[in-house]
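> need the 3D shape of this:
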Amino acid sequence: MDFAQPPVENYANPKTCFFHVLFKAAALAFYILSALFFNSFVIIFVVTVLLSALDFWVVKNVSGRILVGLRWWNEINDLGESVWRFECLDQESLARMNKKDSWLFWWTLYLSAVAWIVLGIFSLIRFQADYLLVIGVCLTLNIANIVGFTKCRKDAKKQIQQFATQTIASRFSSTLQSAFSVV
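Below is the predicted model:
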């Protein structure tokens, strides 16, 4: 008997995966290590928020589209109401998405939010209200991506279900139609 392991799936988009993780890790690492090198809250605030904003942009506009086939944005309509817009790849393309890329995307998205929450708890315990501001901004950017992509994923699943239902219904009706036209 051959007990060879199945081939391990590699990342389909290693550069995108790298940058997806890079800015999250850079923002967290800079925030954690900055106390060792800087005594200025302003420098810590600006650099950490800038890295977190870069992460927000990369996730929202690049890695979300490439790694999971989803994209979202929010706009204000003519009535002044906030409207969520979603884009997703077609069903066949979504089915071909690399599972390892998708896993990395979702886990790092959620784990970075958890890391910011833990850092926020430490700031509360140490009575560092000014650092809670940094954490609040970074956590808000992270949660915005979590909410946007989660809503987008739910919308994509709903669109796929509607497409499948329409396809089945049209095939069923055409089968019935052709069966009765023969008689």
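
> what are the ranges of the helices in this structure?
Taking DSSP state H as the test, the helices found in the chain are 14-37, 41-58, 64-68, 91-95, 99-125, 129-182.

> weakest of those by average pLDDT?
Sorting these by mean pLDDT places helix 91-95 lowest, at a mean of 66.

> in a markdown table: the helices of the chain, plus distance to residue 76 and mean neighbour count.
In short, each C-beta sits where N, CA and C put it, glycine included. Below are the helices of the chain laid out as a markdown table (distance: least, CB to CB, whole Å; neighbours: other CB atoms under 10 Å):
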| stretch | distance to residue 76 | mean neighbour count |
| --- | --- | --- |
| helix 14-37 | 27 | 16 |
| helix 41-58 | 19 | 17 |
| helix 64-68 | 21 | 22 |
| helix 91-95 | 29 | 12 |
| helix 99-125 | 25 | 16 |
| helix 129-182 | 16 | 14 |
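
> nearest to residue 82, out of these?
Residue 82 lies closest, by CB to CB, to one member of the helices of the chain: helix 129-182, at 12.1 Å.

> state the distance from the residue lying closest to residue 48 once chain neighbours are set aside to residue 151.
Of all residues not flanking residue 48 in the chain, residue 31 sits nearest, at 4.6 Å (CB to CB, 6 or more residues apart in numbering). Per CB to CB, to the nearest Å, residue 31 is found 28 Å from residue 151.

> check residue 49 too.
24 Å.

> of all the helices of the chain, which one is nearest residue 77?
Per CB to CB, nearest to residue 77 of these: helix 129-182, 16.9 Å.
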